[in-house]
Each structure stands twice: as structure tokens, then as C-alpha cells.
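Chemist: How does the following fold in three dimensions:
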Amino acid sequence: MDIKSVIFIRRDNIGDLVCTTPAIRALRLRWPRARIAALVNSYNADVILNNPDVDEVYVYEKWKHSGGKGRTGVWFNNLKEIRRIRAASFDAAIGCSYAWSARLARYTFATGAKERIGISPERGSSICYNRPVAPPASPMHEVEAMMRLVSALGVTGAAPSLVLRPGATDADEASGRLRDAGAREGERLIAFHISSRRSQNKWPRERFRELGDMIQSAFDCRILLLWSPGAGNNPLHPGDDQDAEWLASSMKKKPVSYRTERLGELIAALSLADCVVCCDGGAMHIAAGLGKPILTIWGTTGVRRWSPWGVPHIILKKGGSAAEVNAAEAFEAFNKLREAWGA
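Modeler: Next up, the predicted model:
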């Protein structure tokens, strides 16, 4: 089989797309001259815009991320993007998901690609995929599941590392903002990302304060405070501005507060950290993609499928809620993680 052009389709959230990058890298290594593209949504596109293995990124918009645009306008713009993809005449399209998704299958079919790969329904079949892949027979990591999909194109072997790069402009801006905030050159930065979309996965702000005070009292370092921007009562995109402000004013040693409006800004900020403490979620996978040691306070998400991939990490999980983990346990784990990465 000679593959000259492939498009990956990933409709999900940030972590899902980060966990797809090893499959993209593996395909690039197998077919170095192939034209590789990706169709992603506007919410997660910054994850892949600077990926050296991807030649072109197509972006569609979900209505909930459109900032109040009319549904008809969003639908029409997305249709134009699909038409651009069809005009590019891809040899293969890969619908990237862990399980069957009818909507993803339709997107894959709409590309017009000759070879269409994706997870088949548990019962029956779908005309959308002419190279169906059976759902995983047992639990596996999302990275491993994506590698199963590219195996349909002759890509075999162990999964490569995650691939994530900050944009040059965002990286320069992040360095400047840290200097303006008083961060010393060479100072250790421990990133705290305090947000999570699920309440069971969110660690209380009081625990972050306790842990921050412990770390900054024991070591010569500075907390880099990161969060999802916005008000907590926003029905579509609840944010943690209030909790971040509370933490910045209540820690004994003032952290560097870094409000990120765009995903690219968050990627750049995390790229400057020496270590990341966070809840389970997109920021954790970004940190893994950037090669950072990670301490994760875990909630209800499946560990086997969503643990940080390919980096030193410690997962703290007690019961069904992140709130069951206390600050003393987190500090003990942080010390172990410091030994693992040689700090």
C-alpha cells in the first residue's frame, strides 16, 4: 500500500487530541513523504497547529464554542471546510475515537477519502468506514487505542512520544509576562493548574493553598498559577477567576498569576514550568505533551485510559473524588516526584 495523503479527524477535547499525536508521528515515520492533515475543532486546534508532523490543519467550529454565532452560519462555514477537504482528494481518512461514534463516522465519510478508517459499531457495520477497526477488547490507554487505528495503514510498533510545541510568538510573550510578574531568571517554576470541568475531579482551592505554602516554604521555587478563565457561573464555559484571585491573595508567598485567554497561551505558559501539579484534564495532557513531570490529583476518570503518557508522574487517587486527597499527601508525593526528575 502506497499512502500519499492522510487526514486525521479528531472532534473531542484537548487531551484526546494530545493523545492522538503519537499515532500521527508514527504514520509520519512510516510514510515520510506523505501529506498529513488534521481536521479538528476550534477549541483544541492550538494543540496541533505547531506540530511538525502535520502539513495542514482544517478547523471546524462547534456551535457551543462559537461565541454566540447563529447555528446556520456555523453550519455553513463548516460545510465550506468539508468542501476544501474533499477538493484535496485524500487517500485515507482516519476517524479518531476510542469507541464507535456515528457523527465522527459521517465526518470521515464526508471527506471523500478512498480509505476510511475508524471504530466500527459493536453490532452491525457502517458504510462510512470501508476499513473498520473493532473496538478495544479490553481497557487500554487512549494513545494505544489511536495506534490501533493507524495499524490499518501498515503502521506497527510501539507508540512514539507525544508531540506538542508552543507557538513562537506565544512562547516569547509568556517569557516576557513572567519577567514582568517578577519571576527571577533560573527560578524553579511549579505550575499549579487548578481547574477541571468535572466537580469530582476538582481539588479544593484550600488544598492548593496549603500545598503551595508547603512547597514554597521548603524549596527555592515559585508557584505559577494557571486556571480556566471566566466566571464560575458561566453555563457554557465555567471558569475559575474567583478561585485564582483568592489563591493569589491568600498564599503566604505570592504566586505568579497567569490568566490565559487562549489555549496557545496555556501551552506556552506550561512549557516554562519545571513541574506541573494539576487535576485530571486537558492541562495534564498538555503538560505530558511538553515532557513535564506531573503530580495529578485524580477524581473519577479512568486511570488506565487517561493517565499521563510518557513522562514521570504520580497519580493521587482516593475514593471517587479528588477532594478526598489532603495537602500533606500531595506534598509527600511532590517530594517523591522531585527525586524522580532529579530536582
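Chemist: three-state assignment of Arg116?
Modeler: The local conformation at Arg116, judged by DSSP: H, G, I helix; E, B strand; the rest coil, is strand.
Chemist: pretty sure it contacts Gly95?
Modeler: Yes: using C-beta atoms under 8 Å, Arg116 is in contact with Gly95, at 7.4 Å. C-beta: built from backbone N, CA, C; applies to glycine.
Chemist: Could you list every helix and strand in contact with the one helix or strand Thr296 maps to?
Modeler: Thr296 belongs to strand 294-297 when elements are defined using DSSP states H and E. When contacts are defined as 3 or more C-beta pairs under 8 Å, 6 or more residues apart in numbering; DSSP states H and E, strand 294-297 packs onto strand 275-279, helix 282-289, strand 313-316, helix 327-340.
Chemist: can you list residues touching both of Arg116 and Gly95?
Modeler: Counting by C-beta atoms under 8 Å, 6 or more residues apart in numbering, the shared contacts of Arg116 and Gly95 are 108, 128-129.
Chemist: Which of the residues you listed fall within helices?
Modeler: Those of these mapping onto helices are Thr108, per DSSP state H.
Chemist: Just put the shared contacts of Arg116 and Gly95 in CSV and tack on neighbour count and distance to Asp12.
Modeler: Output for the shared contacts of Arg116 and Gly95, formatted as CSV (neighbours: other C-beta atoms under 10 Å; distance: C-beta to C-beta, whole Å):
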residue, neighbour count, distance to Asp12
Thr108, 27, 14
Cys128, 19, 18
Tyr129, 24, 18
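Chemist: just to revisit the earlier point, which residue of Arg116 and Gly95 possesses the greater neighbour count?
Modeler: Comparing Arg116 with Gly95 by other C-beta atoms under 10 Å, the one with more neighbours is Gly95, at 29 against 25.
Chemist: separation between the more buried one and Val150?
Modeler: 12 Å (C-beta to C-beta, to the nearest Å).
Chemist: sorry, back to before: to Leu224, which of the helices and strands packed on strand 294-297 lies closest?
Modeler: strand 275-279 (9.0 Å; C-beta to C-beta).
Chemist: what's the closest one packed up against?
Modeler: Under the contact rule (3+ C-beta pairs under 8 Å, 6+ apart), strand 275-279 is packed against strand 188-193, helix 282-289, strand 294-297, helix 327-340.
Chemist: Show me what counts as buried in that strand.
Modeler: By neighbour count on 16 or more other C-beta atoms under 10 Å, the buried set for strand 275-279 is 275-279.
Chemist: Quick one: distance of stretch 122-129 to the chain centre.
Modeler: Computed by C-alpha atoms, centre = their mean, to the nearest Å, the chain-centroid distance of stretch 122-129 equals 29 Å.
Chemist: whoops, stretch 116-123 was the one
Modeler: 24 Å.
Chemist: which parts of it are buried?
Modeler: So stretch 116-123, judged by 16+ other C-beta under 10 Å, has buried residues 116-120.
Chemist: As a markdown table, these with pLDDT and distance to Gly289 would be great.
Modeler: Formatted as a markdown table, those follow (pLDDT from 0 to 100; distance: C-beta to C-beta, whole Å):
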| residue | pLDDT | distance to Gly289 |
| --- | --- | --- |
| Arg116 | 97 | 27 |
| Ile117 | 98 | 23 |
| Gly118 | 97 | 23 |
| Ile119 | 97 | 23 |
| Ser120 | 96 | 29 |
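Chemist: can you redo those as JSON lines with distance to Tyr43?
Modeler: JSON lines is the format used below for the buried residues of stretch 116-123 (distance: C-beta to C-beta, whole Å):
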{"residue": "Arg116", "distance to Tyr43": "24"}
{"residue": "Ile117", "distance to Tyr43": "24"}
{"residue": "Gly118", "distance to Tyr43": "21"}
{"residue": "Ile119", "distance to Tyr43": "22"}
{"residue": "Ser120", "distance to Tyr43": "27"}
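Chemist: Could you let me know which of those ends up closest to Arg209?
Modeler: For the buried residues of stretch 116-123, the nearest to Arg209 is Ile119 (42.8 Å; C-beta to C-beta).
Chemist: Could I get the contacting residues of the closest one?
Modeler: Taking C-beta under 8 Å, 6+ apart, one finds 95, 97-101, 132-135, 149 in contact with Ile119.
Chemist: Ser249 - that's part of a helix, no?
Modeler: Yes: counting by three-state DSSP, Ser249 is part of a helix.
Chemist: what number of residues lie near it?
Modeler: 9.
Chemist: Quick check: which ranges of this structure have low pLDDT?
Modeler: Scanning the chain for pLDDT under 70 picks out 1, 62-74, 232-237, 341-343.
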